[in-house]
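Colleague: Quick one: sequence plus predicted model below, questions after.
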Amino acid sequence: MVDQNALKAIIEQVLTEMNIGNAAAATPPSAAEAVKAGETPAAPAAEGVVKVDDGFIPDVSEIDIRKQYLVENPVNGEAYYDLKQYAPARLGIGKAGARYKTLPVLEFRAAHSAAQDAVFSQMDLEFVEKLDLFVVRTMCTSKDEYLTRPDLGRKLNPEGVAMIKEKCKKNPTVQIFVSDGLSSAAVVANIPDLLPALMQGLQSYGIDVGTPFFVEYGRVGVEDEITELTGATVTCDLVGERPGLITAESMSAYITYKGTVGMPEARRTVISNIHKDGTPPVEAGAHIAEVIKIMLEKKASGTDLKL
């Protein structure tokens, strides 16, 4: 039977061969110098990932794939590496024969797992309450029902309707609410910075804002019922988006001018890709406030709004 030290040595050797162990830790000064020397620019995952300590191996989900270039003997590696800096796309990850290399496959599987977790995880309502947001729910009674019955996620339950009528300011210029959507992780990651930035931005423009709250199991369409209940001129839904394989923490803002139940989706304005590696939440909050100001000036949203 292999003892623990021998097993640790075997794992370190495998990681070294995968270019994420000790041998790969020495990253060249720059991608350009590496390419000129006929080498492949090292992936940043190698930086600081050198040993298997206490039985743990490096977390592949921490790798910045914009800085990862694994193609061997590239024709123009420098240009390809520079191109990758513009977006976190899985390009230039190389192959081992006809198959993908082990490291990119592990990264892909980790990203897929994170996306699944974001979709199926429940929102922590204690976190929501710390943000001073009261909670209402749609007609969905569980996460499974929310995923299989989108129609129920577009309509509030009777208790939610009563609570909004009781607690929300009547006829505000702008009504803001947050919903978990398809990623509760996005709410946790972005709302603590996004919501205050948006509120402050609207206040700086002198725009009247209603009482913000949280909708559990909410689809975008629930925005229209909320507009009719509150009498808001503009309604903004800050919702967790369906996770992709780049991030599970992306949010969007769906904004409508005088929305009504059953209206066409073309009347919504969408600001998407709100996350730390996209549009940062603070910057997004300021931008959403500016867009809402323009909506009020032009009295339109969606395809009718010419920005």
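Modeller: Right, received. Where do you want to start? These numbers were taken from a predicted model, which means no experiment stands behind them.
Colleague: which residues of the stretch 201-307 of the chain fall in helices?
Modeller: Taking DSSP state H, counting those that start in this stretch as the test, the helices found in the stretch 201-307 of the chain are 222-230, 281-298.
Colleague: Highest mean neighbour count out of these?
Modeller: With neighbours taken as mean count of other CB atoms under 10 Å, those reach their highest mean count in helix 222-230, at a mean of 21. To be clear about C-beta, it is placed using only N, CA and C from the backbone, and glycine gets the same treatment.
Colleague: So which elements touch that one?
Modeller: helix 158-167, strand 174-179, strand 234-240, strand 251-257 (3 or more CB pairs under 8 Å, 6 or more residues apart in numbering; DSSP states H and E).
Colleague: picking that back up, could the helices of the stretch 201-307 of the chain go into JSON lines alongside distance to Ser252 and mean pLDDT?
Modeller: Listed next are these as JSON lines, based on distance: least, CB to CB, whole Å; pLDDT from 0 to 100:
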{"stretch": "helix 222-230", "distance to Ser252": "12", "mean pLDDT": "96"}
{"stretch": "helix 281-298", "distance to Ser252": "9", "mean pLDDT": "97"}
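Colleague: I'd like those as CSV, with distance to Val178 appended.
Modeller: Shown next, in CSV, are the helices of the stretch 201-307 of the chain (distance: least, CB to CB, whole Å):
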stretch, distance to Val178
helix 222-230, 12
helix 281-298, 12
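Colleague: To Ala114, which of those helices lies closest?
Modeller: Proximity to Ala114 (CB to CB) singles out helix 281-298 among the helices of the stretch 201-307 of the chain, at 18.7 Å.
Colleague: any idea how far the residue sitting nearest the centre point of the chain lies from Phe213?
Modeller: With distances taken as CA atoms, centre = their mean, Ser250 lies nearest the centre of the chain, 1.5 Å away. Ser250 is 22 Å from Phe213, where distance means CB to CB, to the nearest Å.
Colleague: go on, Phe120?
Modeller: Counting by CB to CB, the gap from Phe120 to Phe213 is 24 Å.
Colleague: Comparing these two, which residue is more hemmed in?
Modeller: Phe213 (22 against 12; other CB atoms under 10 Å).
Colleague: which secondary element of this protein has the worst mean pLDDT?
Modeller: helix 31-36 (a mean of 47; mean pLDDT, DSSP states H and E).
Colleague: Please name every helix or strand in contact with the helix or strand just after that one.
Modeller: Following helix 31-36 in sequence order, the next helix or strand is helix 77-84 (DSSP states H and E). Helices and strands touching helix 77-84, by 3+ CB pairs under 8 Å, 6+ apart, are helix 31-36.
Colleague: before we move on, back to that, Gly259: which of the helices of the stretch 201-307 of the chain is closest?
Modeller: Across the helices of the stretch 201-307 of the chain, closest to Gly259 is helix 222-230 (CB to CB), at 4.2 Å.
Colleague: That closest one: how far from the chain's middle?
Modeller: 25 Å (CA atoms, centre = their mean, to the nearest Å).
Colleague: So what touches that helix?
Modeller: The contact list for helix 222-230 (CB atoms under 8 Å, 6 or more residues apart in numbering) reads 138, 153-156, 161, 164-165, 168-172, 175, 177, 179, 210, 215, 232, 235, 237, 254, 256, 258-263, 268.
Colleague: got the angle between it and strand 251-257?
Modeller: In terms of direction (axes from the mean of the first three to the mean of the last three CA atoms, to 10 degrees), helix 222-230 departs from strand 251-257 by 50 degrees.
Colleague: now the angle between helix 158-167 and helix 222-230, please.
Modeller: Using the same axes, to 10 degrees: helix 222-230 against helix 158-167 is 50 degrees.
Colleague: Now do helix 222-230 against strand 234-240: the angle between them, please.
Modeller: 140 degrees.
Colleague: Alpha carbons only: can I get helix 222-230 in PDB?
Modeller: C-alpha atoms of helix 222-230 as PDB (Å, rounded to 0.1, in the frame of the first residue of the first chain):
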ATOM      1  CA  VAL A 222     -43.100  39.600 -12.700                       C
ATOM      2  CA  GLU A 223     -41.900  43.100 -13.300                       C
ATOM      3  CA  ASP A 224     -45.100  44.000 -15.100                       C
ATOM      4  CA  GLU A 225     -47.400  43.000 -12.300                       C
ATOM      5  CA  ILE A 226     -45.200  45.000  -9.900                       C
ATOM      6  CA  THR A 227     -45.400  48.000 -12.100                       C
ATOM      7  CA  GLU A 228     -49.200  47.900 -12.000                       C
ATOM      8  CA  LEU A 229     -49.300  47.300  -8.200                       C
ATOM      9  CA  THR A 230     -47.000  50.200  -7.300                       C
END
